[in-house]
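Asks: Structural data only, the sequence is not supplied:
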């Protein structure tokens, strides 16, 4: 009997231990750019990352998971300094259908992306992440402000995912202001046809009250809130198509009235074809006149074999979409060699005006379409 009880205890302990685990993961990317010319100043040589700056991303993640409780801490060692990464959160599932997350939190269940080509190299355009449907976040979601918060995610059935997120919280945040910054929405999968998503993204900068002693004036609240909807088509084999819609509650504050983004990816064997298009109403050109922004992109991935792959990308942005006189036209050609836990690559990129993610090397440049930017990036990336 004692042996039977001991065996049962060991089984219970083993099952408890196996249900909980702590993992270490890692991801990082960096570029060495031996040659960068903006057409107006001397050529530069530097390290960088896709979203700009002079330090490659050297990141890692520690996460713990069990059936009902978990945590995640992202670290960066960029530029020789240790810092916090994207997420630092605690999550608990009090019941199967509810997940409560607190801290710096992402929920990418419904997120819509249009990332390809130069977006994962030196970005000619910022268009890519959150293109059709912005991620749920307590600190950045395309049009949201930054900070701590909480996310309540509900999955009452496999077809439905809903959420409420409180963002940008401090111990001095008024409840009234927290409600203005709320993000709430849901997504529903319709059989094998596709998935519909809709959300409200609150983004209201609180009013600054007048200080009689200092003589300061009251500053009106800035409302960059938006309504966002999208439909992802899944019924056609090898085709990913996502159509989005953004409506700004205040077009002057947001810098647009409506945005209509479309992203399509089609794969056939070793070839992947990407296309994106976006119209943005209620924008201004560089002279301050009303304008409709337009952006288009076309990309090609080709798996050559033996780990080798080719990347081709072409972008067009109108003047109001680029924020640059006469707009911006750019492109890239690159080749990559993949390994089990990373890759290395090299390419050539150009833009008639500016490579968007490298503003620090364009400080002395008078941006105009006749002054072309050219870069030769060498890319390294890892994942564990």
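Replies: Everything's here; your move. Being a predicted model, the structure only gives us computed values, none of them experimental.
Asks: so residue 267 touches residue 238, yeah?
Replies: Yes - using CB atoms under 8 Å, residue 267 is in contact with residue 238, at 4.9 Å. (Glycine included, C-beta is placed from N, CA and C.)
Asks: more crowded one of those two?
Replies: residue 267 (14 against 10; other CB atoms under 10 Å).
Asks: Tell me what residue 328 is bridged to.
Replies: Applying DSSP bridges to residue 328 gives these bridge partners: residue 317.
Asks: From residue 295, how far off is it?
Replies: Residue 328 sits 9 Å away from residue 295, going by CB to CB, to the nearest Å.
Asks: Now the common contact residues for those two.
Replies: Contact criterion CB atoms under 8 Å, 6 or more residues apart in numbering; residues bridging residue 328 and residue 295 by contacting each: 125, 315-317.
Asks: Report the buried members of those.
Replies: For the shared contacts of residue 328 and residue 295, a burial check counting by 16 or more other CB atoms under 10 Å picks out 125, 315-317.
Asks: ok, of the residues you listed, which one's closest to residue 290?
Replies: The nearest member of those to residue 290, counting by CB to CB, is residue 317 at 17.5 Å.
Asks: Make sure the closest one is actually in contact with residue 297.
Replies: No - look at residue 317 against residue 297 with CB under 8 Å: they stay out of range, at 9.1 Å.
Asks: so what sits against both of those two?
Replies: Shared contacts of residue 317 and residue 297, counting by CB under 8 Å, 6+ apart, come down to residue 125.
Asks: Farthest-apart pair in the shared contacts of residue 328 and residue 295, please.
Replies: So, these by CB to CB: farthest apart are 125 and 316, at 9.2 Å.
Asks: Quick check: neighbours shared by those two?
Replies: 295, 297, 328.
Asks: does the first one belong to a helix or a strand, and which?
Replies: Translated: residue 295. strand 290-305 (DSSP states H and E).
Asks: Quick one: list the elements packing against that strand.
Replies: strand 271-284, strand 308-317, helix 319-322 (3 or more CB pairs under 8 Å, 6 or more residues apart in numbering; DSSP states H and E).
Asks: in the protein, which segments are predicted with low confidence?
Replies: 1-18, 140-146, 206-220, 359-370 (pLDDT under 70).
Asks: show me the contacts for the closest residue in space to residue 31 that isn't next to it in sequence.
Replies: With sequence-adjacent residues excluded and distances taken as CB to CB, 6 or more residues apart in numbering, residue 31 is closest to residue 377, at 4.6 Å. Shown in contact with residue 377 (CB under 8 Å, 6+ apart): 31-33, 48, 121-122, 334, 346-347, 349.
Asks: most neighbours, which of those residues?
Replies: Neighbour counts for the contacts of residue 377 (other CB under 10 Å) peak at residue 122, which has 28 neighbours.
Asks: wait, that residue sits on residue 32?
Replies: No - checked against CB under 8 Å, the pair residue 122 and residue 32 is beyond contact range at 11.6 Å.
Asks: isn't residue 321 right next to residue 296, touching?
Replies: No - using CB under 8 Å as the test, residue 321 is too far from residue 296 to be in contact (9.6 Å).
Asks: Those two: which has the busier surroundings?
Replies: Comparing residue 321 with residue 296 by neighbour count (other CB under 10 Å), the higher total belongs to residue 321, at 24 against 17.
Asks: starting at the chain centroid, how far to the helix or strand harbouring residue 71?
Replies: Assessed by DSSP H and E, residue 71 sits inside strand 69-76. Here strand 69-76 shows a centroid-to-chain-centroid distance of 18 Å under the convention CA atoms, centre = their mean, to the nearest Å.
Asks: helices and strands around it, which ones?
Replies: With contacts defined as 3+ CB pairs under 8 Å, 6+ apart, the packing partners of strand 69-76 are strand 57-65, strand 83-95.
Asks: so what's the residue nearest to residue 198 when sequence neighbours are not counted up against?
Replies: In space, and not counting its chain neighbours, residue 198 is closest to residue 229: 4.4 Å by CB to CB, 6+ apart. When contacts are counted by CB under 8 Å, 6+ apart, residue 229 touches 133, 196-199, 244-245.
Asks: Highest neighbour count among those residues?
Replies: Ranked by neighbour count (other CB under 10 Å), the contacts of residue 229 have residue 133 at the top, with 29 neighbours.
Asks: pretty sure that residue contacts residue 199?
Replies: Yes - using CB under 8 Å, residue 133 is in contact with residue 199, at 7.5 Å.
Asks: what do those two both touch?
Replies: With CB under 8 Å, 6+ apart as the test, residue 133 and residue 199 both reach 110, 228-229.
Asks: closest to residue 42 among these?
Replies: Comparing those against residue 42 with CB to CB places residue 228 closest, at 43.4 Å.
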